[in-house]
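S.K.: Test case, fold it:
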Amino acid sequence: MRLVDYLTRIGLDETANAARDTPFARLSRMHLAHRETFLFENLSIQTGGAISVRLPDLERKFLDERRGGYCFEHNTLFAAALADAGFAPVTLLGRVRRGPPERWCRTHMVLRVPNPEPQNPESRTPNLEPEAWLADVGFGGLGLLEPIPLRDGASSLQGGIEYRLRRDGRLWVLSMRGASGDATDLYEFSDDPQTPWDVEVANHFTSTHPESVFRRTLTIQRSGRDERVILRSGILTRYRHGRMTEEPIDRAQLTRVARELFGVELPAGPFVFEELTATAFS
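M.R.: Now for the predicted structure:
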């Protein structure tokens, strides 16, 4: 892992803080910096390309080309950086709770990050931090900005959105609540560790299946403490202080919106979602 290049890209100098910080402070700082640096986007898919989750390819795309990607790319890169920074992240796969439950499948990647300073029950100064955290830098505009303790009932207010983690049988469920007060489940996941080939299989389905949302929609998303901006084909959504606004975006406006709001130069197209739409109506 090109850790120095990664930390430079996200604007961190960990050598200045590592000696005095808690593990959570280091993890949280890296998590937030990653989220505020890299876009969540599916331009490679929409322009007919393939998605690689090999670390050298991710380093080239995120660090050299200054691009972004989707969950498998973000969290694979982040896991490698965490491992080099002294953590031992575990890959988990989850199901996004969107649409009818019978169509949910393991197409989202998250990380379980054990506390590198385990609890010592005999210590006079007990470690008050949890045994592990949920880290996820790849859920797009509505995802966590910082990690959250991996325990039932854990909650965290981040950028105007309250996140809550709960147990649902053998599953964990992450939900969010904005200023409207209505809670929405985002995704579920289980504790069983996944292999790199599990990730390859999920990534292949998500990037190539004709009914995948990433083939049927162009999306570019940016997340920060002050604002979250989400472009999905013809809709631009903004969240500020947990409050949502939406406005329609014509096809002719996409190039301007992508440039002005995300710093992305869109190719002329057509995009995959447009070809799928044209085929459906032909």
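S.K.: And the helices in the chain, which stretches?
M.R.: Residue ranges of the helices in the chain, as given by DSSP state H, are 3-9, 23-37, 43-46, 55-59, 71-84, 196-208, 213-216, 254-262, 272-280.
S.K.: wait, which of these is closest to residue 115?
M.R.: Of all the helices of the chain, helix 23-37 sits nearest to residue 115, with 5.7 Å by C-beta to C-beta. C-beta: built from backbone N, CA, C; applies to glycine.
S.K.: Please state the offset of that closest one from the chain centre?
M.R.: Remark: helix 23-37 is offset 13 Å from the chain centroid, using C-alpha atoms, centre = their mean, to the nearest Å.
S.K.: So which elements touch that helix?
M.R.: If contacts are counted by 3 or more C-beta pairs under 8 Å, 6 or more residues apart in numbering; DSSP states H and E, helix 23-37 sits against helix 71-84, strand 132-135.
S.K.: between that helix and helix 71-84, what angle do the directions make?
M.R.: Interaxial angle of helix 23-37 relative to helix 71-84 (axes from the mean of the first three to the mean of the last three C-alpha atoms, to 10 degrees): 140 degrees.
S.K.: what's residue 77 in contact with, if anything?
M.R.: Neighbouring residues of residue 77 by C-beta atoms under 8 Å, 6 or more residues apart in numbering: 6, 55, 58, 59, 62.
S.K.: Quick one, which of those residues are buried?
M.R.: Buried subset of those (neighbour count, 16 or more other C-beta atoms under 10 Å): 6, 58, 59, 62.
S.K.: Show me which of these is closest to residue 110.
M.R.: Nearest to residue 110 among the buried ones among the contacts of residue 77, counting by C-beta to C-beta, is residue 58 at 16.8 Å.
S.K.: Mind putting the helices of the chain into JSON lines with distance to residue 240?
M.R.: Putting these into JSON lines (distance: least, C-beta to C-beta, whole Å) gives the following:
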{"stretch": "helix 3-9", "distance to residue 240": "26"}
{"stretch": "helix 23-37", "distance to residue 240": "15"}
{"stretch": "helix 43-46", "distance to residue 240": "25"}
{"stretch": "helix 55-59", "distance to residue 240": "31"}
{"stretch": "helix 71-84", "distance to residue 240": "23"}
{"stretch": "helix 196-208", "distance to residue 240": "29"}
{"stretch": "helix 213-216", "distance to residue 240": "25"}
{"stretch": "helix 254-262", "distance to residue 240": "14"}
{"stretch": "helix 272-280", "distance to residue 240": "27"}
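S.K.: measure the residue nearest to residue 146 when sequence neighbours are not counted to residue 219 for me?
M.R.: Leaving aside its sequence neighbours, residue 146 sits nearest to residue 28 (C-beta to C-beta, 6 or more residues apart in numbering; 4.7 Å). To residue 219, residue 28 is 26 Å away according to C-beta to C-beta, to the nearest Å.
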